[in-house]
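In: Show me how the following folds:
(one chain, ligands or ions: 1)
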Amino acid sequence: MTTIPAPNGFIWGAATAAHQIEGGNTNTAHWEFEHAADTTVEEPSGDAVDSYHRFPEDIRLLAECGLKAYRFSIEWARIEPEKGIVSKAQLDHYRRMIDTCHDHGVQPIVTLHHFTVPRWQGRDGGWYADDVVDRFRRYTETATRILDDVEWVVTINEPNMMVNQTEAKIDTEQGVNFPGPSPHVAQVIAKAHHASTEVLKGLGHVKSGWTVANQVYQAVPGYEKERDEWGYWREDYYLEQARNDDFIGVQSYLRTIVGPDGPVPFPDDVERTLTGWEYYPEALGHALRHTWEVTGGVPMLVTENGMATQDDSRRIDYTTGALQGLASALQDGLDIRGYLHWSLLDNYEWGSFRPTFGLIGVDRETFERTPKPSLAWLGDLAQRGVIPAG
Ligand SMILES: O=C(O)[C@H](O)[C@@H](O)[C@H](O)[C@H](O)CO
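Out: Next up, the predicted model:
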């Protein structure tokens, strides 16, 4: 395998999110949705993979394979169980996770908000609530109590996906439909991001940014305009909002072909992953180049990239292809600070445990962790400081 040397200080790691791994995340609107009579989830998150208790082992396995960074989210619903009520015990829990990272020489990369909002926030209108920007600023201020030695902080994960979720209308017959992203919610979430960024900047030592789900919108020839229109409130608006940030998190898995009437379905015979997405490792290279162009050169950190599959050798193939796209972007002078694989653990893919993205497998009965060959493979690249190229 041809490789290039990784830039000095290039960050190698893996990512997770609280609701998808911790278990018992009962105080969130998503838990309520999972247990609603008309829910559309295949199964509820339940104990997830019990990482709330087993994080020391998860961080040790990450460190032992040679990876040096762990991106995880802290749960607003645990830290502020009721409006204005702060749980010191939960702040201590996440402080212990940060300390455990440092104990293993692993850089903690903390996400303040990864999709789930506290029940009280959901009941008060969620991102439609009048003072939601102030609430998110206050939550950020509370979280800074445990961030004194955390260098990289993500304010909000995938605002563009959140807007989809916020606008989604649950119709038990038709399931979840997306009437299209509303600029109103997008602008409110952007204000919350900027308010949070201001607080984090006040700490002086934090690099802050948000992460955007890159859909790699490719136009059917002749429909470039439609593609751009389709992509603006679904992606580019959020990239533009990151122009003054320290970094932007690039999240990439797939591409979307856009024609006269929106997304064009892929032919039945394409290879698909367990999420039903087209197998397209080239997506990451395109996502990095598009992000670089629209943000005007904001430093990038790949905060999610991976594949849901039971075939771990295919995961290595996918990741090799993705990293080759990253290597080519580096060779063209793009500023890419690191690569965090999605995900460290098989986990709750927002409605089902079937799509397995983990570098580590988890027995859903015993919660026993079993590293997959891909974990050692990625750890080896990190230790050798090389990136697949060519
Ligand atoms: O993009 C998201 O929805 C999230 O960031 C993750 O929570 C997903 O689990 C992952 O991307 C795979 O879909």
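In: and the most far-flung residue of the chain relative to its centre, how far is that from residue 249?
Out: Centroid-distance maximum for the chain: residue 222 at 32.5 Å, with Cα atoms, centre = their mean. Remark: distance between residue 222 and residue 249 (Cβ to Cβ, to the nearest Å) = 33 Å. C-beta coordinates here come from the backbone N, C-alpha and C atoms, glycine included.
In: Tell me which helix or strand the closest residue to residue 347 other than its chain neighbours sits in.
Out: Among residues not flanking residue 347 along the chain, residue 20 sits closest, at 4.1 Å (Cβ to Cβ, 6 or more residues apart in numbering). Using DSSP states H and E, residue 20 maps to helix 18-21.
In: Which parts of the stretch 1-150 of the chain are helices?
Out: 18-21, 29-34, 51-64, 76-79, 88-103, 119-123, 132-143 (DSSP state H, counting those that start in this stretch).
In: Adding mean pLDDT and mean neighbour count, write the ones you listed out as a markdown table.
Out: Listed next are the helices of the stretch 1-150 of the chain as a markdown table, based on pLDDT from 0 to 100; neighbours: other Cβ atoms under 10 Å:
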| stretch | mean pLDDT | mean neighbour count |
| --- | --- | --- |
| helix 18-21 | 98 | 25 |
| helix 29-34 | 94 | 19 |
| helix 51-64 | 98 | 19 |
| helix 76-79 | 98 | 24 |
| helix 88-103 | 98 | 16 |
| helix 119-123 | 92 | 18 |
| helix 132-143 | 98 | 20 |
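In: Out of those helices, flag the one nearest the ligand.
Out: Across the helices of the stretch 1-150 of the chain, the ligand has its closest neighbour in helix 18-21 (5.8 Å, Cβ to the nearest ligand atom).
In: What helices and strands are in contact with that closest one?
Out: For helix 18-21, the elements it packs on are helix 51-64, strand 69-73, judged by 3 or more Cβ pairs under 8 Å, 6 or more residues apart in numbering; DSSP states H and E.
In: count of neighbours near the closest residue to residue 107 other than its chain neighbours?
Out: Closest residue to residue 107 apart from its sequence neighbours, by Cβ to Cβ, 6+ apart: residue 69 at 4.4 Å. By other Cβ atoms under 10 Å, 21 other residues sit near residue 69.
In: who touches residue 69 in this structure?
Out: By Cβ atoms under 8 Å, 6 or more residues apart in numbering, residue 69 lies in contact with 11, 12, 13, 14, 106, 107, 108, 109, 338, 340.
In: Which two among those residues are spaced furthest apart?
Out: Spanning the widest gap among these are 12 and 108, at 14.3 Å by Cβ to Cβ.
In: re earlier: quick one: the helices and strands packed on helix 18-21 as JSON lines, columns for distance to residue 303 too.
Out: Compiled in JSON lines, these are given as follows (distance: least, Cβ to Cβ, whole Å):
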{"stretch": "helix 51-64", "distance to residue 303": "15"}
{"stretch": "strand 69-73", "distance to residue 303": "6"}
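In: Which of those sits closest to residue 375?
Out: Taking those one by one with Cβ to Cβ, helix 51-64 is closest: 7.3 Å.
In: Give me every residue in this protein lying close to the ligand.
Out: 17, 20, 157, 158, 161, 213, 251, 304, 342, 349, 357 (Cβ under 6 Å from any ligand atom).
In: Per-residue pLDDT of the fourth one, please?
Out: So the one you mean is residue 158. On pLDDT, residue 158 comes in at 97.
In: which residues does it contact?
Out: With Cβ under 8 Å, 6+ apart, residue 158 has these contacts: 115, 211, 212, 213, 251.
In: now swap in the second one and tell me
Out: With contacts taken as Cβ under 8 Å, 6+ apart, residue 20 has the following neighbours: 45, 48, 343, 347, 348, 349, 350.
In: Could you say which helix or strand holds the last one?
Out: Just to be clear, that refers to residue 350. Residue 350 belongs to no helix or strand, assigned by DSSP H and E.
In: same check, this time on the fourth one
Out: When secondary structure is defined using DSSP H and E, no element contains residue 347, which sits outside every helix and strand.
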